[in-house]
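got a sequence here, can you model it:
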Amino acid sequence: MVIKMKLSEIREQTVDELKDKVTSLRKELFDLKIQKATFKLENVAEIRKKKKLIAQIKTVLNERQLINE
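This is a model prediction of the structure:
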């Protein structure tokens, strides 16, 4: 299942929530890659969407880190 989040929704969350979200998304991404390797993944575009969401969250985390320095 693909989770859609707007950038504004990502920015509203705390740092700890975002880190937990990245961890869970990486696990889901790993599972999708396994499914793809065993030809059980029906929608390959989910992999790209998960990667994009991880990148957006990491960007917000990096912005917050730069602001706090």
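
quick one: low-confidence residue ranges for the chain.
The model of the chain has pLDDT under 70 over residues 1-3.

mind listing what the residue most central in space within it touches?
Nearest to the mean C-alpha position of the chain, by C-alpha atoms, centre = their mean, lies I54 at 2.8 Å. Taking C-beta atoms under 8 Å, 6 or more residues apart in numbering, we find I54 in contact with 22, 25-26, 29. For glycine as for every other residue, the C-beta is placed from the backbone atoms N, C-alpha and C.

make a PyMOL selection of the buried ones in those residues.
Of these, the buried ones can be selected in PyMOL as follows, counting by 16 or more other C-beta atoms under 10 Å:
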select buried, resi 22+25+29
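
count of residues packed around K36?
13 (other C-beta atoms under 10 Å).

correct me, but it touches N43?
No. K36 lies out of contact with N43 (C-beta atoms under 8 Å); the separation is 10.1 Å.

coming back round to it: is the residue nearest to the centre of the chain in a helix, a strand, or coil?
For I54, the assignment made with DSSP: H, G, I helix; E, B strand; the rest coil gives helix.

how close does it sit to E69?
23 Å (C-beta to C-beta, to the nearest Å).

and for M5?
Counting by C-beta to C-beta - M5 and E69 are separated by 26 Å.

then R11?
18 Å.

just R48 next, same as before
Separation of R48 from E69 (C-beta to C-beta): 32 Å.

and these two? Which one has more around it.
R48 (10 against 5).

just the element for that one, please.
Following DSSP states H and E, one finds R48 within helix 45-68.

in that helix, which residues are buried?
Buried residues in helix 45-68, counted by 16+ other C-beta under 10 Å: 46-47, 49-50, 53-54, 56-57, 60-61.

SS state for K4?
Under three-state DSSP, K4 comes out as coil.

burial count for it?
As a burial measure, K4 scores 7 neighbours (other C-beta under 10 Å).

for the remainder of this discussion, apply numbering that starts at 715.
All right, first residue 715 from here; so that's K718.

does K765 touch L746 like I think?
No. Counting by C-beta under 8 Å, K765 does not reach L746; the two are 9.8 Å apart.

give me the nearest residue to K764, chain neighbours excluded.
Distances taken as C-beta to C-beta, 6 or more residues apart in numbering place L743 nearest to K764, at 4.6 Å, with adjacent residues excluded.
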